[in-house]
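Asker: Sharing a model prediction with you, sequence too.
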Amino acid sequence: MSDDTPSPDLGRSYPTSDENGDTGGGDGGDCPCSAEVAGETRPSIYQDFYGDARAEMERRDYAKALATIGGLTAIGSLTAPLIGLSQVFEREYTGPIYSDGVALIDDAGERITEDRLSEGEQLTVFPEPRPGLADSPTLLVRFPEDAYGGDTNSAFTVSGYAAYSKVCTHAGCMVADRDGQTLVCPCHSGRFDPLSGAAVTGGPPPRSLPQLPITLSSEGHLVATGDFEGPIGAGGE
């Protein structure tokens, strides 16, 4: 093909500007889809996209999308440990709650030293390696050593401290109340005597709260020497 060969007609023409700035040319006449750029008319494909109002809306939508994604990511990072925590409480566990040498801790994770309670006081404690287990809440009480009797296993006490499961043997509620020296379950008014091995003194519970064997470690904090002497909560004899 020589240089004189005419270019093929593509069947489309674009408007051009004359010396007066008027547009025209081709068989399309004025083209509503054109825009003036640098003194000449070009197809609207050359328009500055970011100058368009619709583009501004799209940029805002894009920014909102990024903000939403960022927020979901932050929530996800907080949700992960919460999911892990719920698994600790919900998972089934059939092993011992306490074992020999397991430290007793409070709800802040602090170990219980010998001087933590005064006589007549009580505290809810947990096994250090397994504080989230449903059967782990334990009532720690302190009375004069010679005040204990009845069904109390004196070998399980130390320095006036005795420890019992906090889970009521009637319906599994937490024995959270107290009337004088008597431990009281708020659900059905089960009553237990901590000076007599947490024996039942009133209400529907069928048996005493299991006692936990405890002693003092060489570092001066309370530890278990084994697990509860009986089954935890409702059921079991």
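Answerer: That came through, no problem.
Asker: going forward, measure contacts between C-alpha atoms and count neighbours the same way
Answerer: Fine.
Asker: and the closest residue in space to Pro204 that isn't next to it in sequence, how many neighbours?
Answerer: Among residues not flanking Pro204 along the chain, Gly190 sits closest, at 5.9 Å (CA to CA, 6 or more residues apart in numbering). Residues lying near Gly190 (other CA atoms under 10 Å) number 23.
Asker: what residue ranges in this protein are flagged as low confidence?
Answerer: Within the chain, the segments meeting pLDDT under 70 span 1-92, 236-237.
Asker: Try it again at 50.
Answerer: Applying pLDDT under 50 to the chain flags residues 1-39, 45-47, 49-50, 72-90.
Asker: hang on, Ala155 in a helix?
Answerer: Yes - counting by DSSP: H, G, I helix; E, B strand; the rest coil, Ala155 is part of a helix.
Asker: burial measure for it, as a count.
Answerer: Residues near Ala155, counting by other CA under 10 Å: 10.
Asker: same check, this time on Ile214
Answerer: Ile214 has 25 nearby residues by other CA under 10 Å.
Asker: how long is stretch 120-138 end to end?
Answerer: End-to-end distance of stretch 120-138 (CA to CA, to the nearest Å): 16 Å.
Asker: Touching that stretch from outside, list them.
Answerer: Stretch 120-138 is contacted from outside by 88-89, 93, 97-98, 102-107, 109, 117, 139-143, 163-167, 181, 232-233, using CA atoms under 8 Å, 6 or more residues apart in numbering.
Asker: on that earlier part again, look up how far Ala134 lies from the residue nearest to Pro204.
Answerer: Distance of Gly190 to Ala134, given as CA to CA: 20 Å.
Asker: likewise Val184?
Answerer: 19 Å.
Asker: Look at the two and report which has more neighbours.
Answerer: Neighbour tally, Val184 and Ala134, criterion other CA under 10 Å: the higher count belongs to Val184, 24 against 16.
Asker: Identify the residues contacting that one.
Answerer: Contacts for Val184 were tallied using CA under 8 Å, 6+ apart; they are Val175, Ala176, Asp177, Arg178, Gly190, Arg191, Phe192.
Asker: Which of those has the largest number of neighbours?
Answerer: Within the contacts of Val184, most neighbours by other CA under 10 Å means Phe192, with 27 neighbours.
Asker: Which helix or strand lies directly C-terminal to the helix or strand containing it?
Answerer: Counting by DSSP states H and E, the element that carries Phe192 is strand 191-193. Next helix or strand after strand 191-193 toward the C-terminus (DSSP H and E): strand 199-202.
Asker: Please point out which parts of that next one sit buried.
Answerer: Buried residues in strand 199-202, counted by 16 or more other CA atoms under 10 Å: Ala199, Val200, Thr201.
Asker: One more: stretch 128-135?
Answerer: Going by neighbour count (16+ other CA under 10 Å), the buried part of stretch 128-135 is Glu128, Arg130, Pro131, Gly132, Leu133, Ala134, Asp135.
Asker: same check, this time on stretch 201-209
Answerer: Of the residues in stretch 201-209, Thr201, Pro205, Pro206, Arg207, Ser208, Leu209 count as buried by neighbour count, 16+ other CA under 10 Å.
Asker: Number of residues surrounding Gly160?
Answerer: Gly160 has 19 neighbours, counted by other CA under 10 Å.
Asker: and it, what is it in contact with?
Answerer: Gly160 sits next to Glu119, Arg142, Phe143, Pro144, Glu145 when contact means CA under 8 Å, 6+ apart.
Asker: May I have the phi/psi pair for the closest residue to it other than its chain neighbours?
Answerer: Leaving aside its chain neighbours, Gly160 sits nearest to Glu145 (4.5 Å; criterion: CA to CA, 6+ apart). Backbone torsions for Glu145, taken as degrees, to the nearest 10, come to phi -60, psi -30.
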